[in-house]
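Visitor: need a structure here:
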Amino acid sequence: MKTRLLLVDDHAVIRLGLKMLLENEADMEVVGEAENASQALAMAARLRPDVILLDIGLPDISGIEAAAQIKQLVPETMIVALTIHEDEEYFFRMLEAGATGYVPKRAAPEELLTAIRAAAKGEVYLYPSLAKLLVNDFLTQGKPAADGGEEALADREQEVLTLLAEGNNNSEIAEKVVISPKTVARHRENIMRKLNLHSRVELVKYAIRKGIIRA
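Guide: From the prediction side, this is the model:
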């Protein structure tokens, strides 16, 4: 089944370039295009796409506000921000608004395709240069995950935690540790519950702070 995509950008040339790129992929289909947030909200409600590629700089309201409204309207739809902005303010505000990916417009096409495929699976995609902002977040202003807790994890859960924080999806983890994706999903649920974490972003922050991975 193809991933159904809605493109939201106020520049027609960019939308055209994205459409040409994405429709060359056998597993992707562009089902709509919007040039502002109002159009995006209406099309999201009508089309219910799997993933929305959303620019932050929209002419009516910001992409950040649009993302929050989209997630309220169609919570099952994943959002990937595609933007020129690479600073901390925009990055974290988009994540807080509900985006599951954040890709600079300067990124290689392969990075965008990876982000879309990750979002379609419900995974968070962290562009490498932006992932480092997570370190600054928990050191200066982010909410820390609960201390302790890792002692309560079984050995396999600790192994899965490390692989999740490194950006592996359930299928990739299953292949690496030779278990089924369903078992990985169960371990993931247990890890999030035991560590009192509520998102992939919190999980990555926790793993960095505990020295499990490096950003």
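
Visitor: quick one: least confident helix or strand in this structure?
Guide: Taking mean pLDDT, DSSP states H and E as the measure, the chain has helix 133-136 as its least confident helix or strand, at a mean of 51.

Visitor: Output the following helix or strand past that one as CSV, restricted to C-alpha atoms.
Guide: Scanning forward in sequence from helix 133-136 by DSSP states H and E, the next helix or strand is helix 155-165. C-alpha atoms of helix 155-165 as CSV (Å, rounded to 0.1, in the frame of the first residue of the first chain):
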residue,chain,number,x,y,z
ASP,A,155,18.6,-7.1,29.4
ARG,A,156,16.6,-7.4,26.2
GLU,A,157,14.7,-4.2,27.0
GLN,A,158,18.0,-2.3,27.5
GLU,A,159,19.2,-3.6,24.1
VAL,A,160,15.9,-2.5,22.4
LEU,A,161,16.1,0.9,24.2
THR,A,162,19.6,1.5,22.7
LEU,A,163,18.5,0.6,19.2
LEU,A,164,15.4,2.7,19.4
ALA,A,165,17.3,5.7,20.5
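
Visitor: The protein: strands as residue ranges?
Guide: 3-8, 28-34, 51-54, 78-83, 101-104, 125-126 (DSSP state E).

Visitor: Can you lay out those strands as JSON lines showing mean neighbour count, distance to residue 182 and mean pLDDT?
Guide: Using the backbone N, CA and C atoms, a C-beta is placed for each residue, glycine as well. Converted to JSON lines, the strands of the chain look like this (neighbours: other C-beta atoms under 10 Å; distance: least, C-beta to C-beta, whole Å; pLDDT from 0 to 100):
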{"stretch": "strand 3-8", "mean neighbour count": "24", "distance to residue 182": "22", "mean pLDDT": "98"}
{"stretch": "strand 28-34", "mean neighbour count": "19", "distance to residue 182": "26", "mean pLDDT": "97"}
{"stretch": "strand 51-54", "mean neighbour count": "27", "distance to residue 182": "23", "mean pLDDT": "97"}
{"stretch": "strand 78-83", "mean neighbour count": "24", "distance to residue 182": "21", "mean pLDDT": "92"}
{"stretch": "strand 101-104", "mean neighbour count": "24", "distance to residue 182": "24", "mean pLDDT": "88"}
{"stretch": "strand 125-126", "mean neighbour count": "24", "distance to residue 182": "23", "mean pLDDT": "77"}
